[in-house]
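Trainee: Kindly return the folded structure for what I paste below:
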Amino acid sequence: MDAVSLSNRLESNFNKFLITATRVKKVRESDVYLAKRDVDTFYEGIFLKTVTSFESFVEELFIGLLYEKYDLPTRKKIQKIAFEDRKTVLNFLLLNGQKKYLDLLPFEKLKKNYKVFYKDENPFAVLNDSQKDILNQVFILRNAIAHNSITANKKFKKFLEDNHPALISIKTPSQFLQTLNNPNQTMFEVYLIELNSIANSFCNFR
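Mentor: Numbering: from 1, shown residues only. Here you go, the predicted model:
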């Protein structure tokens with residue numbers, strides 16, 4: 001199966017999320033009342049849905065390449081540990097049941113795993129520094145939403161200080177995701193577009 005079909009499927013899901021977010025923006029700009037709490041909850045939910053969709057994509061590609069389910073457009077031979085089927089891959093990755101789930105993101109965790117199963121030239125090693133930073137930012141926001149712990153919130157505040165000092169007064173990731181990167185684009189939309197670009201770079205490895 002062509003790996004590009006996998007990134008196309010993710011892009012299709014992302015487009016649905018964008019359409020939904022656009023509808024919410026239009027409602028907020030109209031005379032229809034939306035409580036701040038409702039909007040915050042929406043952005044938290046749709047961002048987590050976006051991230052989990054991306055996580056599922058990475059897991060599927062990472063595993064699928066190891067047992068030859070997916071083909072890449074490259075003529076290079078992707079040197080990797082080869083497995084017979086998905087069950088064998090998962091059994092190995094999860095260390096015979098010692099782990100309950102794969103931990104492939106953010107980038108440092110992905111790098112740690114691909115260095116075990118792939119040689120240096122592989123689709124997961126193609127990201128530039130900006131893309132690696134996007135993945136790290138996404139997971140700072142994800143953890144601050146999902147866990148709402150002291151540690152996660154401190155990392156979120158540090159992220160704002162380092163990257164968006166003008167927005168340091170923002171209290172929550174949801175509020176940050178609603179801020180405008182430009183007059184027509186929220187930070188949520190920025191991250192969704194960036195994740196889609198990263199997925200495409202994986203599947204179009206040459």
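Trainee: so who does His164 touch?
Mentor: Phe176 (CB atoms under 8 Å, 6 or more residues apart in numbering). (C-beta placed from N, C-alpha, C; glycine too.)
Trainee: can you rerun that using 10 Å?
Mentor: 170, 176, 179, 187 (CB atoms under 10 Å, 6 or more residues apart in numbering).
Trainee: now Thr52: how far from Lys155?
Mentor: Here Thr52 is placed at a distance of 19 Å from Lys155 (CB to CB, to the nearest Å).
Trainee: Settle it for me: which of these two has more neighbours?
Mentor: Neighbours of Thr52 and Lys155, each counted by other CB atoms under 10 Å, are more numerous for Lys155; the result is 17 against 12.
Trainee: dump the residue contacts of the more buried one.
Mentor: 136, 139-141, 143-144, 149.
Trainee: And it, which helix or strand is it part of?
Mentor: helix 150-163 (DSSP states H and E).
Trainee: so where's this protein shaky on pLDDT?
Mentor: Along the chain, segments meeting pLDDT under 70 span 96-98.
Trainee: circling back: from the contacts of Lys155, which two are the most distant?
Mentor: Asn136 and Ser149 (17.6 Å; CB to CB).
Trainee: burial of the residue lying closest to Phe188 once chain neighbours are set aside, as a residue count?
Mentor: Closest residue to Phe188 apart from its sequence neighbours, by CB to CB, 6 or more residues apart in numbering: Leu177 at 4.1 Å. A count of nearby residues for Leu177, using other CB under 10 Å, gives 24.
Trainee: before we move on, which element is Leu177 in?
Mentor: Leu177 belongs to helix 173-178, assigned by DSSP H and E.
Trainee: chain center to the helix or strand just after that helix: distance?
Mentor: Next along the chain after helix 173-178, taking DSSP H and E as the criterion, comes strand 180-182. Here the centre of strand 180-182 is set off from its chain's centre by 20 Å, with CA atoms, centre = their mean, to the nearest Å.
Trainee: ok, Pro106 to Phe54 distance?
Mentor: Taking CB to CB, one finds Pro106 at 11 Å from Phe54.
Trainee: joint contacts of the two?
Mentor: When CB under 10 Å, 6+ apart defines a contact, the residues bordering Pro106 and Phe54 alike are 135, 138, 142.
Trainee: all helices in the protein, in order from the N-terminus.
Mentor: Assigned by DSSP state H, the helices in the chain fall at 3-29, 36-66, 86-93, 107-117, 129-146, 150-163, 173-178, 187-203.
Trainee: I'd like to know which of those helices is closest to Gln79.
Mentor: That would be helix 107-117 among the helices of the chain, by CB to CB, at 10.0 Å.
Trainee: Which of the helices of the chain sits closest to Lys77?
Mentor: Per CB to CB, nearest to Lys77 of the helices of the chain: helix 36-66, 12.3 Å.
Trainee: Return the set of buried residues in that closest one.
Mentor: By 16 or more other CB atoms under 10 Å, the buried positions in helix 36-66 come out as 39-40, 42-44, 46-47, 50-51, 53-55, 57-66.
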